[in-house]
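Undergrad: What follows is a predicted protein model with its sequence.
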Amino acid sequence: MYSLMSSSPSISSSSSSFLGQTHFDSRTPNARLPTKDSWICKCVATPPTEMTAHTTKVSRNANMAKLQAGYLFPEIARRRSAHMLKYPDAQVISLGIGDTTEPIPEVITSGMAKKANALSTLEGYSGYGAEQGENRLRAAIASTYYGDLSIEESDIFVSDGAKSDISRLQVMFGSNVTMAVQDPSYPAYVDSSVILGQTGQFQKDVEKYGNIEYMKCNPENGFFPDLSTVSRTDIIFFCSPNNPTGNAATREQLTRLVQFAKDNGSILVYDSAYAMYISDDSPRSIFEIPGAKEVAIEVSSFSKYAGFTGVRLGWTVVPKELLYSDGFPVAKDFNRIVCTTFNGASNISQAGGLACLSPEGLEAMHKVVGFYKENTNIIMETFTSLGFSVYGGKNAPYVWVHFPGQSSWDVFSEILEKTHVVTTPGSGFGPAGDGFIRVSAFGHRGNVLEACKRFKQLYK
């Protein structure tokens, strides 16, 4: 702090302790500075004041505190960034997070561009749309993917992606339901359950949350759970083709799953986001299975078909036949959730969706999918040639590679450190995924070839 001290009332013309030597003109030998008191600043140290962060009186949501570390994919991104700081000159190749890399076909972007340009005209402008999606797009989804399955336009809710709808469904179900999930599976199912308060605490000894039924899917059971050992739950999350294993359930397996849900009075949430990658006769929709409309909801997305991971567009099918225990239609509650929490998908994105479902758009999407499936074959052949047990790939853009007796995160770290290639540790998808890594086929061809070359150098 500063204190002020009074000095002499005058300062000599020849010297001053304050100003130093000063020369005045000889014609004014008696010149003096004003006799007004002068002040000298003196610095006096005071102890620093300890800063205390302000806190509110709002308690943290205890369910958020249950979550273990960070969400899987941001954690991978964090480790990738740290690696790039350590090796700034390395060419890091990402085959980890399942993000598309190839340009969206022009026939699709032109549809979005046309809509965007129309918004600058009086005739073409539109504001809020129907929360459930534009009728033309809902009708196109129904006819394209469910044409012979008696799914109606009104059963379809257009959204900003399957991931968002998973959380909306969880909000609708509430905190008092029990849930089952494939192990391993997409982390959003479990994490959203934790956040909603459906689970118990995380049990570190078994790497599981309490009150969740983990349905183990591994090579021994063909990546389909032994339903005779699965306890009854209210909600069953099931993804086919599965992320991360790449396995697509057969018609016979899904028939058993639907019957299991019906016998237990459960609701099945079926994630078909990778259905277009199916190459064999595995069902592409749960509604191909008789009786599924009475027990199932289906979520899907344009993300991995058309490269819409950034555009954001998906849909959820909630059949009118699906009823709660009191007979109330589930679709009515979901409609209320959608109308309360969502203003509808972007009209530009929906224009892109319509372009996707045109004959030319469908052809273009199949070409994009075909490109990624070629990448998948390259990756599968690489690890197979190195003697690894390799799963998935045939019906999905993911290759599931087994490293027996090793920790998934250790394998992830070794591959990143020695090859500068990012993969995904299997344990991030559930405890049954430990000992595996997921290698994504989403990548430029040159990067995939280079990554496979490095894998061969590492494991030859």
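TA: That came in fine, so what should we check first? If you're wondering where the values come from, they're calculated on a predicted model, not measured in any experiment.

Undergrad: Helix or strand next in line after the top helix by length along the chain, which one?
TA: If you go by DSSP state H, the chain has its longest helix at helix 359-385. Sequence-wise, the next helix or strand downstream of helix 359-385 (DSSP states H and E) is strand 390-392.

Undergrad: Quick check: phi and psi on Ala345?
TA: In terms of degrees, to the nearest 10, the main-chain angles of Ala345 are phi -70, psi 150.

Undergrad: Next one: it from Phe237, what distance?
TA: Using C-beta to C-beta, to the nearest Å, we find Ala345 at a distance of 23 Å from Phe237. Where you see a C-beta, it was placed from the backbone N, CA and C, and this is true even at glycine.

Undergrad: Give the other helices and strands that the longest helix of the chain contacts.
TA: Judged by 3 or more C-beta pairs under 8 Å, 6 or more residues apart in numbering; DSSP states H and E, helix 359-385 is in contact with helix 106-118, helix 303-306, helix 347-356, strand 390-392, strand 398-402, helix 445-459.

Undergrad: In terms of secondary structure, what does the fifth one contact?
TA: Pointing back at strand 398-402 there. Packing partners of strand 398-402 (3+ C-beta pairs under 8 Å, 6+ apart): helix 359-385, strand 390-392, strand 436-440.

Undergrad: between the helix or strand just after that strand and helix 445-459, how many degrees?
TA: Note on strand 398-402: by DSSP H and E, the next helix or strand toward the C-terminus is helix 408-419. Taking axes from the mean of the first three to the mean of the last three C-alpha atoms, to 10 degrees, one finds helix 408-419 and helix 445-459 inclined to each other by 100 degrees.

Undergrad: can you give me the helices in the protein?
TA: Under DSSP H, the chain gives helices at 62-66, 72-86, 106-118, 135-145, 162-173, 187-196, 251-264, 303-306, 330-341, 347-356, 359-385, 408-419, 445-459.

Undergrad: Check these for me: which has the lowest mean pLDDT.
TA: Sorting those by mean pLDDT places helix 72-86 lowest, at a mean of 91.

Undergrad: List the buried residues for it?
TA: Going by neighbour count (16 or more other C-beta atoms under 10 Å), the buried part of helix 72-86 is 72-73, 76-77, 79-80, 83.

Undergrad: Skipping adjacent residues, who's closest to Asn117 in space?
TA: Distances taken as C-beta to C-beta, 6 or more residues apart in numbering place Gly124 nearest to Asn117, at 7.5 Å, with adjacent residues excluded.

Undergrad: quick one on the thing from earlier: out of the helices of the chain, which gets nearest to Tyr128?
TA: Relative to Tyr128, the nearest member of the helices of the chain by C-beta to C-beta is helix 347-356, separated by 9.2 Å.

Undergrad: burial measure for His89, as a count.
TA: Careful, residue 89 is Asp; it's not His. 5 (other C-beta atoms under 10 Å).

Undergrad: same thing with Thr309?
TA: Thr309 has 17 neighbours, counted by other C-beta under 10 Å.

Undergrad: Kindly report the same for Tyr146.
TA: In terms of burial, Tyr146 registers 21 neighbours under the definition other C-beta under 10 Å.

Undergrad: Next: the one 3 residues further on.
TA: With neighbours defined by other C-beta under 10 Å, the count for Leu149 comes to 16.

Undergrad: hang on, the earlier thing: which of the helices and strands packed on strand 398-402 sits most buried?
TA: Compared across those, strand 436-440 shows the largest average neighbour count, a mean of 28 (mean count of other C-beta atoms under 10 Å).

Undergrad: As CSV, could you dump the C-alpha coordinates of it?
TA: Provided in CSV are the C-alpha atoms of strand 436-440 (Å, rounded to 0.1, in the frame of the first residue of the first chain):
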residue,chain,number,x,y,z
PHE,A,436,-9.7,-56.1,-26.8
ILE,A,437,-9.2,-53.0,-28.9
ARG,A,438,-11.6,-51.5,-31.4
VAL,A,439,-10.0,-50.3,-34.7
SER,A,440,-12.3,-48.0,-36.7
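
Undergrad: Same list, the helices of the chain, but as JSON lines with distance to Glu153 please.
TA: Rendered in JSON lines, the data for the helices of the chain read as follows (distance: least, C-beta to C-beta, whole Å):
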{"stretch": "helix 62-66", "distance to Glu153": "36"}
{"stretch": "helix 72-86", "distance to Glu153": "34"}
{"stretch": "helix 106-118", "distance to Glu153": "20"}
{"stretch": "helix 135-145", "distance to Glu153": "5"}
{"stretch": "helix 162-173", "distance to Glu153": "17"}
{"stretch": "helix 187-196", "distance to Glu153": "27"}
{"stretch": "helix 251-264", "distance to Glu153": "23"}
{"stretch": "helix 303-306", "distance to Glu153": "20"}
{"stretch": "helix 330-341", "distance to Glu153": "13"}
{"stretch": "helix 347-356", "distance to Glu153": "14"}
{"stretch": "helix 359-385", "distance to Glu153": "18"}
{"stretch": "helix 408-419", "distance to Glu153": "43"}
{"stretch": "helix 445-459", "distance to Glu153": "39"}
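
Undergrad: To Pro290, which of these lies closest?
TA: Across the helices of the chain, closest to Pro290 is helix 251-264 (C-beta to C-beta), at 7.7 Å.

Undergrad: Residues touching the closest one, excluding its own?
TA: Helix 251-264 has contacts (C-beta atoms under 8 Å, 6 or more residues apart in numbering) with 224, 227, 230, 232-233, 236, 238, 240, 249, 266-268, 281-283, 286, 288-292, 294-296.

Undergrad: Kindly report the same for stretch 381-401.
TA: Stretch 381-401 is contacted by residues 98, 219, 223, 241-248, 274, 277-280, 282, 304, 372-373, 375-377, 379-380, 402-403, 426, 436-442, 452, 455-456, 459-460 when judged by C-beta under 8 Å, 6+ apart.

Undergrad: Could you pull up the mean pLDDT of stretch 423-437?
TA: In this model, stretch 423-437 carries a mean pLDDT of 96.

Undergrad: So for that stretch, first residue to last residue, what's the gap.
TA: The straight-line separation of the ends of stretch 423-437 (C-alpha to C-alpha, to the nearest Å) is 7 Å.

Undergrad: buried stuff in that stretch?
TA: Buried-residue list, stretch 423-437, by 16+ other C-beta under 10 Å: 423-430, 432-437.

Undergrad: go on, stretch 140-150?
TA: Within stretch 140-150, the residues that qualify as buried are 140-142, 145-146, 149, counting by 16+ other C-beta under 10 Å.

Undergrad: How far does it sit from its chain's centre?
TA: Put simply, stretch 140-150 sits 27 Å off its chain's centre (C-alpha atoms, centre = their mean, to the nearest Å).

Undergrad: before we move on, what about stretch 256-266?
TA: Distance, centroid of stretch 256-266 to centroid of chain: 29 Å (C-alpha atoms, centre = their mean).
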